[in-house]
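Novice: predicted structure and sequence below. I'll ask about it afterward.
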Amino acid sequence: MKSFISLGECSGLVGLCFKSWRAVTVITLAGLISPPSFAQNHLPDEWQIGQEYEFRPGYYSKLVAEEDGWKTIITEFKDGSLCSTVKAADESYVVEPINGRFLSLDPVFVEITGDGVFEPGWRVKGPHRGEYEYRTVGDRFMTEGADYNKDLSVSETTIEYIYTGWKYPEIRVDMERRSGTADMTGLRSAYERHLSHCEK
């Protein structure tokens with residue numbers, strides 16, 4: 001059985017960022033030092049399934065599946081592997097790995113992941129550690145989201161979300177709140193692909 005590290009555990013290892021067709025924004029995580037000086041190798045405009053590339057020395061990412069905007073990416077490095085399935089809420093952004101110590105989460109995105117203990121589920125993530133609420137468009141009330149959400153009934157719908165995060169979550173300082181919609185089309189299929197590729 002191959003062991004993967006979840007994206008939620010990877011702040012000191014390897015991350016994903018969102019590359020806009022207009023610009024790339026990198027936000028450093030609290031408590032970490034300045035980015036290293038090596039050049040970031042960016043993806044080509046078309047990342048093909050099965051294509052692996054070395055985005056920093058010794059770190060290799062491969063796109064293993066993609067459908068309906070959901071990308072399953074396996075990244076390998078000296079100490080292990082990371083496997084995550086992600087979809088940007090703002091589809092003008094595409095997912096791209098960045099260096100091993102920083103994570104650009106400027107757009108809100110939906111992630112399917114597990115941690116080796118809990119069965120994988122989905123969650124809404126943003127620039128910092130935080131929490132979220134959601135509802136299907138047309139519903140009256142919000143539902144408090146879980147880190148490993150098993151609610152696949154939202155597949156093929158659009159959800160409204162409220163994300164609340166803190167730059168310094170331990171002391172809940174510098175709160176940031178974002179709201180918007182996310183197209184959940186293909187969630188159920190993406191979940192099954194994630195189990196197939198990431199939970200072996």
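Specialist: Alright, I've got the coordinates.

Novice: which helix or strand contains the closest residue to Ile112 other than its chain neighbours?
Specialist: Leaving aside its chain neighbours, Ile112 sits nearest to Thr85 (4.1 Å; criterion: C-beta to C-beta, 6 or more residues apart in numbering). Any C-beta I mention is one placed from the backbone N, CA and C, and that applies to glycine too. Thr85 is part of strand 80-88 when elements are defined by DSSP states H and E.

Novice: mind listing the helices for the chain?
Specialist: 187-198 (DSSP state H).

Novice: flag the shaky bits of it, pLDDT-wise.
Specialist: Applying pLDDT under 70 to the chain flags residues 1-45, 92-106, 115-116, 200.

Novice: burial count for Ala146?
Specialist: 14 (other C-beta atoms under 10 Å).

Novice: next, it: phi, psi?
Specialist: Note on Ala146: backbone dihedrals following degrees, to the nearest 10 are phi -110, psi 160.

Novice: from Val117, how far off is Tyr134?
Specialist: From Tyr134 across to Val117, the span is 24 Å (C-beta to C-beta, to the nearest Å).

Novice: can I get the strand holding Thr85 in PDB, CA atoms only?
Specialist: Backbone C-alpha positions of strand 80-88 (Å, rounded to 0.1, in the frame of the first residue of the first chain) are rendered in PDB as follows:
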ATOM      1  CA  GLY A  80       7.500  10.800   0.200                       C
ATOM      2  CA  SER A  81       4.700  11.600  -2.100                       C
ATOM      3  CA  LEU A  82       1.600  13.800  -2.100                       C
ATOM      4  CA  CYS A  83      -1.600  13.100  -4.000                       C
ATOM      5  CA  SER A  84      -4.500  15.500  -4.200                       C
ATOM      6  CA  THR A  85      -7.400  16.200  -6.500                       C
ATOM      7  CA  VAL A  86      -8.200  19.900  -6.900                       C
ATOM      8  CA  LYS A  87     -10.500  22.300  -8.800                       C
ATOM      9  CA  ALA A  88     -10.300  26.100  -8.800                       C
END
